[in-house]
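Enquirer: I would like to see how this sequence folds:
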Amino acid sequence: MPAVDRSKSGAQLSRVEAVLIDIVRLAARDDAPAITRRVRRWVGSPAARRQGLSDELRGEILAALESASESSHSVRRSSTAERMTSAPTMFLSPSWAGPAPPPILAEPVRTAIDRLVAEHQRRDELVRHGLAPTRTLLLSGPPGVGKTMTAGWLADRLGLPLFAIEPSRVMTSLLGESARNLVNALQEAQEVPCVVLLDEIDAFGKSRDDAQDVGELKRLVTTLLVELDRWPVGNLLIGATNHPGLLDHALERRFERRLLLGLPGEAERAAIVSALLDDHDVNFATGTLATLVAVTDGRSGSDLRTLVQSGIRSALLASEPVDLAVLREALPPDPQSLPRQARADFARAAVERGGLSRRATAGLLGCSHPAVARLLRAQDDKEPV
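Expert: Got it, this is the predicted structure:
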């Protein structure tokens, strides 16, 4: 074998020679992860194509890297997984220890999540074509719409543990310490195949345009940008935020997939309430579900859960029908404090969509049944109420 001409400059070396020398240097340092990253970067580069690397060979190289990585780390990951799932680690909190309940999601969101699950389940097929499953996902939406539940459900479907990185366990008052803690947390999460939830990610990734920031948050954003780029194939990192407008634009763009979880529509509200009733083995009288759905527009899934559970408790303690107790929970303590238009809307939903009697509706609204009749009549005549 001819000796390597050490007099060559970096510019004179061919791309293949430079890659091989880099690999040898990294191997001498026993830095297997860096070797994998270097080979992946070269295999995916335009230069590799120009030098005759076929798609078939590229797929074989990537598959070999994946297989070797899984083989060499299987024992270590097994022991690490047992340690990490048995107790909280320094920065990671195990979540959803049991089967996660499926969230009630709008059809477009559910379709997107089904596709993401399929990507991970068919990872080997993607790797053979020089592709990889989605590594990072951003979930945004109002509080209570099921972001954490969706993360747990995703982990459950993938057969992976879910770990949460919470701001309270990472953020400190010491300069630079928060960024180091974040790096340690994310590196710790790479020790085992898992799903990682960065809850309230806006605490880590607030826009760097904030004039009041003294620099620590900028360091956190920069750190997170680097770590997202390095995130390994096979693990899934999920960011969740109630305030997507606060996120740094560069950070938001780093997430490979972004999903907005909105407030539930009528169909989703009906499904959420029905599931809650099944969980507690109770039933509504005919029409109550339609009434509740009609009068809870703008409520989140979490709001509905609280409302239904509170109503069931009240019904059990007061020995009254569950359906009336739950409907009462949908109203403020003093229904007469509502604007008259709101009371009219409730009466319309209860009587016409829910099939309740005017007398039962009056009992819920704290008024007489002739008053309910007047509310309905005013709407029929399109008079101001």
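
Enquirer: hey, let's count contacts and neighbours off CA atoms from now on
Expert: Fine.

Enquirer: Please report phi then psi for Ala373.
Expert: When read as degrees, to the nearest 10, the backbone of Ala373 gives phi -60, psi -40.

Enquirer: low-confidence ranges in this structure?
Expert: By pLDDT under 70, the low-scoring segments of the chain are 1-19, 21-22, 25-31, 33-34, 46-47, 66-100, 173-175, 210-216, 379-385.

Enquirer: And the strands in the stretch 1-150 of the chain?
Expert: Remark: strands assigned in the stretch 1-150 of the chain by DSSP state E, counting those that start in this stretch are 92-95, 136-140.

Enquirer: Give me the spatial nearest neighbour of Leu198, chain neighbours excluded.
Expert: In space, Leu198 comes closest to Gly239 once its chain neighbours are excluded; the distance is 4.7 Å by CA to CA, 6 or more residues apart in numbering.

Enquirer: where does the one you found fall, phi/psi-wise?
Expert: According to degrees, to the nearest 10, Gly239 has phi -100, psi 140.

Enquirer: Count the neighbours of it for me.
Expert: 25 (other CA atoms under 10 Å).

Enquirer: Next: the one 10 residues further on.
Expert: If you count neighbours by other CA under 10 Å, His249 ends up with 15.

Enquirer: Find me whatever residue is spatially closest to it, sequence neighbours aside.
Expert: If the residues on either side of it in the chain are set aside, His249 comes closest to Ser207, at 6.9 Å by CA to CA, 6+ apart.

Enquirer: Isn't that neighbour up against Asp248?
Expert: Yes. Between Ser207 and Asp248 there is a contact under CA atoms under 8 Å: 3.7 Å.

Enquirer: Now do the contacts for the closest residue in space to Pro321 that isn't next to it in sequence.
Expert: Excluding its sequence neighbours, the residue lying closest to Pro321 (CA to CA, 6+ apart) is Ala315, at 6.1 Å. Going by CA atoms under 8 Å, 6 or more residues apart in numbering, Ala315 touches Pro321, Val322, Ala325.

Enquirer: how near is the first one to Gly287?
Expert: Noted for Pro321: a distance of 14 Å to Gly287, by CA to CA, to the nearest Å.

Enquirer: does the residue nearest to Pro321 belong to a helix or a strand, and which?
Expert: Using DSSP states H and E, Ala315 falls within helix 301-318.

Enquirer: Which neighbouring elements make contact with the next helix or strand after that helix?
Expert: Downstream of helix 301-318, the next assigned helix or strand under DSSP H and E is helix 322-329. For helix 322-329, the elements it packs on are helix 288-295, helix 301-318, helix 358-365, judged by 3 or more CA pairs under 8 Å, 6 or more residues apart in numbering; DSSP states H and E.

Enquirer: which parts of the second one are buried?
Expert: It refers to helix 301-318. Gly301, Leu304, Arg305, Leu307, Val308, Gln309, Gly311, Ile312, Ser314, Ala315 (16 or more other CA atoms under 10 Å).

Enquirer: Just to check, the second one is in contact with Val273?
Expert: The one in question is Leu304. Yes. Assessed by CA under 8 Å, Leu304 is found in contact with Val273 at 6.9 Å.

Enquirer: hang on, the earlier thing: give me the number of residues near the residue nearest to His249?
Expert: Ser207: 21 neighbours (other CA under 10 Å).
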